[in-house]
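[1] Just to be clear, the model below is a prediction. Sequence and coordinates:
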Amino acid sequence: MTSLARAIDERLIGEFSVAPADASDTQWLAAVARLLREDLSARALRSQLQDRANKARRVHYLSMEFLIGRSLTNAAEALELDAPLREALAERGRHLEQLQDVESDAGLGNGGLGRLAACFLDSMATMNIPAFGYGIRYQFGMFHQRFEHGSQRETPDEWLKDGSPWELARIDRDVEVGFGGQTDRDEHGTTIWTPERRVIARAHDMFVPGYATGRVGTLRLWEARATPALDMSLFNAGDLHSAAAIKGQDEVLSWVLYPNDSTEAGRELRLRQEYFFVCASIADILQRHLEEHSTLANLADHVAIHLNDTHPALAVAELIRVLVDRYSMDWAVAWDITRQIFSYTNHTLMPEALETWSTELIQRVLPRHLTIIERLNEALLEEVAERFPNDPERLSRMSIIEIPGPEPRERQIRMAHLAVMGSHTINGVSALHSTLMVDHVFKDFAELWPERFVNVTNGVTLRRWLSQANPGLARLLDLKIGRQWRIEPDRLRLLKSHAHDENFIGEFRAIKWENKRRLCDLIHRATGIGTDPNSLFDVQIKRIHEYKRQLLNLLHVVSRYHAILANPSADWVPRTVVFAGKAASSYQTAKQIIRLINDVAAVVNHDSTLEGRLKVVFLPNYSVSLAEIIIPGTDLSEQISTAGTEASGTGNMKFALNGALTIGTLDGATIEMRERVGADHMFTFGLRSDEIANLKSNGYHPEEIAKADPDLTAVLDSIASGRFSPGDSERYRELIGSLLGDGDRYCLMADFASYRQAQQQADELFRQPSRWTAAAIENVAGMGHFASDRAILEYAQKIWRISPQR
């Protein structure tokens with residue numbers, strides 16, 4: 001018996017009092033995970049002690065989301081224990097995949113923002129960048145998605161119902177967080193904030209191992225705990241309901257990611273949640289710094305704080321509050337330190353997506369922070385007025401707090417403006433996004449502080465998204481170009497010399513087919529729908545949003561359905577169209593699109609005329625572990641957002657990395673991918689961002705476009721008339737009607753004909769398997785630049801001023 005097998009046996013007996021032969025897969029997972037966690041914990045401690053001894057500068061990455069997925073396979077590979085672990089499990093008649101299947105995805109994120117943060121933590125550890133991640137330990141994730149008569153239904157994601165064996169509770173790092181109350185001044189003029197309610201933030205650490213390095217990073221997640229844990233006076237008085245309600249009111253802060261904010265109570269909860277997170281994180285960062293340096297005078301020399309989007313922007317005001325109020329630092333000194341510490345990544349080009357809070361709500365929940373923001377805003381407006389005199393419109397546009405207009409309304413605090421003002425560097429996440437950010441979203445700020453704006457194009461970790469998600473392809477690459485591509489991603493370019501080697505093409509195609517067969521099995525288990533691995537797998541997986549244009553994809557599906565019915569004897573390329581993604585619980589249009597997709601699927605999949613040549617699938621409850629099966633089995637990757645709306649995208653990179661060809665607009669990082677991969681190896685369509693802007697400024701008339709296209713007219717009429725919603729002919733009339741008027745904000749009508757043509761080009765190439773596979777190989781070969789390791793080294797050099805520790 002190997003020593004590792006003995007250690008696992010001891011865990012099963014000692015922690016579960018169960019003989020190894022009788023232990024469940026869940027118990028085996030917990031035993032193995034805790035054994036690996038011990039190793040990770042020891043390495044994390046060594047990493048922190050090394051950084052302390054070196055007086056290293058650290059980055060602290062604040063993000064509301066960390067979509068880390070499952071941890072077992074990643075930990076085993078990073079610790080180089082994959083083979084020994086498989087051997088130890090085999091001695092007991094177990095397989096690593098059995099344990100992996102019972103592990104829950106950590107419910108800490110939803111979409112690209114959270115997955116990017118997870119990739120970045122992986123790369124920080126692998127590139128030896130001293131770092132901490134900070135987030136919230138969501139008890140119920142975002143939600144578990146299921147479908148009821150085609151409609152999305154949300155239930156709690158109980159990923160923590162049995163606890164997580166990967167966590168380490170840090171009761172020694174509790175932080176008290178205050179809300180409400182009032183502010184006063186003492187006899188020395190110091191502002192005193194007396195909160196009305198206090199909550200305890202309890203730290204739980206998850207460890208993020210670097211690949212083939214001793215460094216292990218730490219992701220510190222905050223859980224809200226009531227203080228006191230129970231109001232005994234209410235409880236003893238028999239008012240059990242009130243006692244429980246007060247406890248729940250506090251602990252709800254860490255229950256759910258992005259609670260529904262369509263109500264006033266929901267908005268207040270989201271604000272409290274964001275402050276809870278940044279208050280605890282700032283306190284922890286300062287505590288660690290004082291433990292290591294005993295003074296705050298050198299804080300900016302050793303601490304960098306990065307805001308991953310606008311959600312943590314309150315951290316700017318919180319750091320000033322703590323430095324000035326708690327540590328009696330002069331305001332000017334505190335503000336100077338703050339601006340040296342913070343940097344900010346913007347992830348959206350849509351003004352309506354930039355977070356705002358009413359001054360009334362901030363006053364009620366965070367009265368001290370309102371006074372800080374007001375003072376910062378005064379300083380900003382003074383600087384703007386001095387630089388651009390006699391320009392009241394500019395002042396109004398740039399003000400952190402909205403300047404009242406002629407109509408009475410609650411003034412809003414623009415959190416993105418606070419983040420920009422408080423940061424020494426602001427970056428976009430693709431070349432196009434950064435250009436549009438400077439030219440439009442933050443144009444005024446870029447004219448005031450042009451040196452602050454830079455670009456760092458996103459990236460993904462090759463360890464997770466190729467080595468672990470696609471082991472067959474990873475083994476083939478190891479044979480052809482060696483194993484070093486995992487940490488030297490530019491080596492992928494060596495595959496170009498194999499793109500026209502028929503033997504390599506055959507091996508590559510066989511691996512893709514096997515991955516498609518695995519995806520077929522997943523689809524059948526999840527939905528009961530049978531699919532053909534020989535069909536073209538056409539996939540769009542991402543959160544459901546109008547700008548991502550799942551509806552455009554569906555319009556083409558219906559167009560294709562009509563065409564097959566009109567000419568059933570034609571030589572059609574069989575297609576399996578796969579959707580996955582969640583709609584925000586309050587986003588009714590997105591939820592209606594989900595229902596429409598499922599309604600179309602129900603009709604198409606049961607139409608025997610098609611003879612299996614078209615299938616439509618919506619896989620429920622999209623997650624990282626689901627993506628790890630879907631992406632390697634994809635032939636055609638749908639990246640079809642309206643040009644100028646997608647900041648970057650990372651799904652586009654994962655698909656291409658696994659040998660899928662992109663059909664997409666010239667948006668986000670897809671433009672840079674096209675430059676690296678070659679225009680001949682993807683299918684681009686649609687108006688460019690400047691053409692979209694010109695179209696709208698000159699008057700966009702989608703109804704005229706639809707009328708001129710009989711196919712498109714038939715598609716719209718078919719959906720609007722109830723062809724796919726029998727028994728409810730009005731179900732989609734308003735949705736489709738909006739596309740012919742002001743509701744087509746994302747130019748589906750304008751791009752439909754071009755999209756249809758690109759889909760026809762995809763059909764033609766798929767009929768030529770060797771040419772298709774050669775293009776797929778070219779896609780993999782061009783993806784080295786889009787590794788998150790490259791992105792993190794750029795952040796470290798250009799923004800954080802941090803050198804890798806060796």
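    Alright, I've got the coordinates. Computed from a predicted model, the values in this text were never measured in an experiment. Numbers count the residues shown, from 1 in each chain.

[2] Where does the prediction get shaky in the protein?
    Residue ranges of the chain with pLDDT under 70: 1, 240, 243, 245.

[3] repeat that with 80
    Residue ranges of the chain with pLDDT under 80: 1-2, 188-189, 228-232, 234-236, 238-248, 352, 405-408, 806.

[4] looking at this, residue 737 is in a helix?
    Yes. Judged by DSSP: H, G, I helix; E, B strand; the rest coil, residue 737 forms part of a helix.

[5] isn't it right next to residue 720, touching?
    Yes. In this structure residue 737 lies within contact range of residue 720 using Cβ atoms under 8 Å: 6.8 Å. In short, each C-beta sits where N, CA and C put it, glycine included.

[6] excluding its backbone neighbours, what's nearest residue 153?
    Of all residues not flanking residue 153 in the chain, residue 146 sits nearest, at 5.2 Å (Cβ to Cβ, 6 or more residues apart in numbering).

[7] likewise residue 664?
    By the measure of Cβ to Cβ, 6+ apart, the closest residue to residue 664 outside its immediate chain neighbours is residue 639, 3.4 Å from it.

[8] give the contact list for residue 125.
    Residue 125 makes contacts with 131, 208-211, 213, 215-217, as judged by Cβ atoms under 8 Å, 6 or more residues apart in numbering.

[9] Residue 758 versus the residue nearest to residue 664, what's the distance?
    According to Cβ to Cβ, to the nearest Å, residue 639 stands 11 Å off from residue 758.

[10] got the residue ranges for the helices in the stretch 151-300 of the chain?
    Using DSSP state H, counting those that start in this stretch, the helices of the stretch 151-300 of the chain run over 232-236, 240-251, 264-293, 299-302.

[11] which helices and strands sit right next to the second one?
    This means helix 240-251. Judged by 3 or more Cβ pairs under 8 Å, 6 or more residues apart in numbering; DSSP states H and E, helix 240-251 is in contact with strand 216-226, helix 232-236.

[12] ok, and which of these has the densest surroundings?
    Comparing those on average neighbours per residue, with mean count of other Cβ atoms under 10 Å, the densest one is strand 216-226 at a mean of 23.

[13] May I have that one exported as CSV, CA atoms only?
    Coordinates of each C-alpha in strand 216-226 appear next as CSV, following Å, rounded to 0.1, in the frame of the first residue of the first chain:
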residue,chain,number,x,y,z
VAL,A,216,0.0,28.9,-3.1
GLY,A,217,-2.2,31.9,-3.1
THR,A,218,-5.1,32.6,-0.7
LEU,A,219,-8.6,33.6,-1.5
ARG,A,220,-10.2,35.0,1.6
LEU,A,221,-14.0,34.9,1.7
TRP,A,222,-16.2,36.7,4.2
GLU,A,223,-19.2,35.2,5.9
ALA,A,224,-21.7,37.4,7.7
ARG,A,225,-22.4,36.5,11.3
ALA,A,226,-24.8,38.2,13.6
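
[14] what about that strand, distance to the chain center?
    Strand 216-226 sits 18 Å away from the centroid of its parent chain (Cα atoms, centre = their mean, to the nearest Å).

[15] Just checking: what are the partner strands of that strand?
    Strand 216-226 has the following sheet partners, assigned by DSSP bridges: strand 131-136 (parallel), strand 197-209 (antiparallel).

[16] In JSON lines: these, plus mean neighbour count and distance to residue 271.
    Listed next are those as JSON lines, based on neighbours: other Cβ atoms under 10 Å; distance: least, Cβ to Cβ, whole Å:
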{"stretch": "strand 131-136", "mean neighbour count": "26", "distance to residue 271": "14"}
{"stretch": "strand 197-209", "mean neighbour count": "22", "distance to residue 271": "14"}
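
[17] coming back round to it: between the helices of the stretch 151-300 of the chain, which one is nearest to residue 452?
    Closest to residue 452 of the helices of the stretch 151-300 of the chain is helix 299-302 (Cβ to Cβ; 15.9 Å).
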